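In: my questions are about this predicted structure, shown below with the sequence.
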Amino acid sequence: MSIPFSFDTIGWQRLHTGSLGPYIDPFAQYLSKQGYADATARGKLRVVAKLSQWLEQQLFSLNRLDEQQISAFIQELHQCRHRTRRGDASTLSELLRLLRNKGIIPAPSTTNAPNALEQLEDDFACYLTEERCLAKATIDNYVPVAHRFLTVQFGDDVSKIELLRVGDVTQFILNHLCNLSPKTAQLGVTALRCFFRFLYQRGKLVTDLAAALPTVANWRLSELPKFIAPQEVEHLLQSCNQNCLSQQRDYAVLLLLARLGLRAGEVVHLNLDDINWRTGLLNVRGKGERIDQLPLPMDVGEALVRYLRNGRPNSTTSRRLFVRLRAPYIGFASSVAIDCIMHRALQRAELDPPHKGAHLLRHSLATRMLHNGASLAEIGQMLRHRLTQTTEIYAKVDETTLGALAQPWPGERP
């Protein structure tokens, strides 16, 4: 292959020394496909060359290369000043995947048994899946709470879990959940309640501590939905520069939030196959693995076409609709990325609402529909609410209807 990433001939030849020399070219091709910039790719190839030299110095065979050897190499690099780069560990993890996919080194061994903490968490996840039949998103929320509680109380040694008392649980809630929002704290308490019932059923606790967990004060319909005015929504959308590739993507994301009321997680998991251009329909994967079809408005479709033609990297193999702007070009890891897009847009538009998450546009859409005469049932259908009670919060911003119900103040003239 031709010399890539602005290497000179001598520098390129030096990379091919050692046991990893024959695999420098395939790794360079992989980095090129992932869209890494020249400077980043050169740094990654150099750390692979250092690893190759280190393997020869340590007399390690290439087929013995695994995560343990990589960890030892990284540790030695960190002990030498000015020789480490941010991302060295992830670079070598990418190299391991490449070599394993090509059959050069064996797959990672699965013979290592998990420690007691990992085993308990795996059993809890299995319990949630098989006995409680909970959705994966719910399990992904519950297990980290249990992990945090266990590590705070016991570290890696959970052999004394039967010594847990009510005071331990109360202290954990006061120290780690009190500073969270009511909804997040409520989720944490619910996860702990489920975890303690699991421990009690498995005989690891002699007392059901779930009954001792306090409830979190988070009254339903206690707040107003957080929204911005329609003209502010349009100003937010217009703040995206359509000549900037990154903002073409952001504009398409914001339109999906503003026009269809999608949740951040639903935008993250959109695939290329979810768009039916012939029928003008969009498949949306909602809560509980539910799939709904929504009509694709013309302006949303035009924004998606512009992003797919210009802003989405051609080299990516990901089927996700929206991918990262920097290599590796893969889909977003979580809905936090959508919140970040929203935050940047609010800053560009010089808007400063109290709530700045992606859900702001979903609430704004519902409020706009309500002011335009839509019924709560129509709003619930648009937002894909399973329960009518979920939509009732928007009745609190229906000033016209509420005004007709308002009673005159005592002593006020009619």
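Out: Great, that's in hand. Numbers count the residues shown, from 1 in each chain.
In: counting neighbours, what do you get for Ser71?
Out: 12 (other Cβ atoms under 10 Å). From N, CA and C alone the C-beta is placed, and that goes for glycine too.
In: please apply the same query to Ala337.
Out: 18.
In: name the element it belongs to?
Out: In this structure, Ala337 sits in helix 336-348 according to DSSP states H and E.
In: cool, Leu255 as well?
Out: Using DSSP H and E, the element containing Leu255 is helix 245-260.
In: remind me which residues of the stretch 151-300 of the chain are low pLDDT?
Out: 218-224, 288 (pLDDT under 70).
In: ok, which stretches of it are helices?
Out: Remark: helices assigned in the stretch 151-300 of the chain by DSSP state H, counting those that start in this stretch are 166-176, 182-201, 230-238, 245-260, 264-268, 298-306.
In: can you pull the contacts of the residue nearest the centre of the chain?
Out: In the chain, the centroid-proximal residue (Cα atoms, centre = their mean) is Ser334; its distance is 1.1 Å. Counting by Cβ atoms under 8 Å, 6 or more residues apart in numbering, Ser334 touches Gly265, Val268.
In: which stretches of the stretch 301-414 of the chain have low pLDDT?
Out: The low-confidence ranges in the stretch 301-414 of the chain, as defined by pLDDT under 70, are 396-407, 411-414.
In: quick one, helices of it?
Out: 336-348, 359-371, 376-383, 388-391, 399-405.
In: any idea which of those helices is most buried?
Out: Greatest average neighbour count among the helices of the stretch 301-414 of the chain goes to helix 359-371 (a mean of 21), per mean count of other Cβ atoms under 10 Å.
In: could you pull up phi and psi at the residue nearest to Leu45 when sequence neighbours are not counted?
Out: Of all residues not flanking Leu45 in the chain, Leu15 sits nearest, at 5.7 Å (Cβ to Cβ, 6 or more residues apart in numbering). Note on Leu15: backbone dihedrals following degrees, to the nearest 10 are phi -70, psi -20.
In: neighbours of Leu15, how many?
Out: 21.
In: got it, and Asn276?
Out: 12.
In: pull the contacting residues for it.
Out: Leu282, Asn283 are the contacts of Asn276 under Cβ under 8 Å, 6+ apart.
In: that one pairs with what?
Out: Here Asn276 sits in beta bridges with Leu281, going by DSSP bridges.
In: hang on, the earlier thing: so who does the residue nearest to Leu45 touch?
Out: Contacts of Leu15 by Cβ under 8 Å, 6+ apart are Phe7, Gly21, Ile24, Leu45, Arg46, Val48, Ala49.
In: for the residues you listed, which one is nearest Gly188?
Out: Nearest to Gly188 among the contacts of Leu15, counting by Cβ to Cβ, is Val48 at 42.2 Å.
In: read off the pLDDT value for the closest one.
Out: Note on Val48: pLDDT of 92.
In: which SSE is it in?
Out: helix 38-57.
In: quick one: low-confidence parts of the stretch 1-150 of the chain?
Out: The low-confidence ranges in the stretch 1-150 of the chain, as defined by pLDDT under 70, are 1, 81-84, 109-114.
In: please enumerate the helices of it.
Out: Assigned by DSSP H, counting those that start in this stretch, the helices in the stretch 1-150 of the chain fall at 9-14, 24-33, 38-57, 67-78, 88-101, 116-130, 136-154.
In: can you show me the CA trace of the fourth one as PDB?
Out: What follows is helix 67-78 as a C-alpha-only set of coordinates in PDB (Å, rounded to 0.1, in the frame of the first residue of the first chain):
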ATOM      1  CA  GLU A  67      -5.400  -7.600  27.800                       C
ATOM      2  CA  GLN A  68      -3.000  -8.600  30.600                       C
ATOM      3  CA  GLN A  69       0.100  -8.000  28.400                       C
ATOM      4  CA  ILE A  70      -1.400  -4.700  27.100                       C
ATOM      5  CA  SER A  71      -2.000  -3.600  30.700                       C
ATOM      6  CA  ALA A  72       1.600  -4.400  31.600                       C
ATOM      7  CA  PHE A  73       2.900  -2.500  28.600                       C
ATOM      8  CA  ILE A  74       0.700   0.600  29.400                       C
ATOM      9  CA  GLN A  75       1.900   0.500  33.000                       C
ATOM     10  CA  GLU A  76       5.500   0.600  31.800                       C
ATOM     11  CA  LEU A  77       4.700   3.400  29.500                       C
ATOM     12  CA  HIS A  78       3.200   5.500  32.300                       C
END
